[in-house]
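Chemist: Here's a sequence, model it:
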Amino acid sequence: MINNSFAIGIQGVQDGMVGMENSARKIARAGADGPQGINAESGNSLVEPIVELNLYSRSVEASAQVVKTADETVGTLLDIMA
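Modeler: Residues are numbered from 1 along each chain as shown. Here you go, the predicted model:
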């Protein structure tokens, strides 16, 4: 059960990092295109990738907390059994 928690937490961190990287690319691409690259009417607004970046950041934090909690649980179980 704890191994599963580790795997889920690590997968969440990895997925979040990929999402953050993609969002950062969108932001950089919009900035590199200049003002004409930032067009809210065509859907190239910076708002969406910035919000996504924040959401992925929170996802990474939550997944890291899952890994930390699983690690602490293993430590506690080892202390009890020792």
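
Chemist: Output the contacting helices and strands for the longest helix anywhere in the chain.
Modeler: Among all segments of the chain classified by DSSP state H, the helix with the greatest residue count is helix 47-81. On a contact count with 3 or more Cβ pairs under 8 Å, 6 or more residues apart in numbering; DSSP states H and E, helix 47-81 meets helix 2-32. The C-beta positions use only the backbone N, C-alpha and C, and glycine is treated the same way.

Chemist: Next, the angle from the helix it packs on to helix 47-81.
Modeler: Note on geometry: by axes from the mean of the first three to the mean of the last three Cα atoms, to 10 degrees, helix 2-32 and helix 47-81 are set 160 degrees apart in direction.

Chemist: For the spatially most central residue of the chain, which residues are in contact?
Modeler: Nearest residue to the geometric centre of the chain (Cα atoms, centre = their mean): Gly16, 2.5 Å. Under the criterion of Cβ atoms under 8 Å, 6 or more residues apart in numbering, the contact list for Gly16 reads Tyr56, Ser57, Ser59, Val60, Ser63.

Chemist: Quick one: residues contacting the nearest residue to Thr69 once chain neighbours are set aside.
Modeler: Excluding its sequence neighbours, the residue lying closest to Thr69 (Cβ to Cβ, 6 or more residues apart in numbering) is Ser5, at 7.5 Å. Ser5 is in contact with Val66, Val67, Thr69, Ala70, Thr73, counting by Cβ under 8 Å, 6+ apart.
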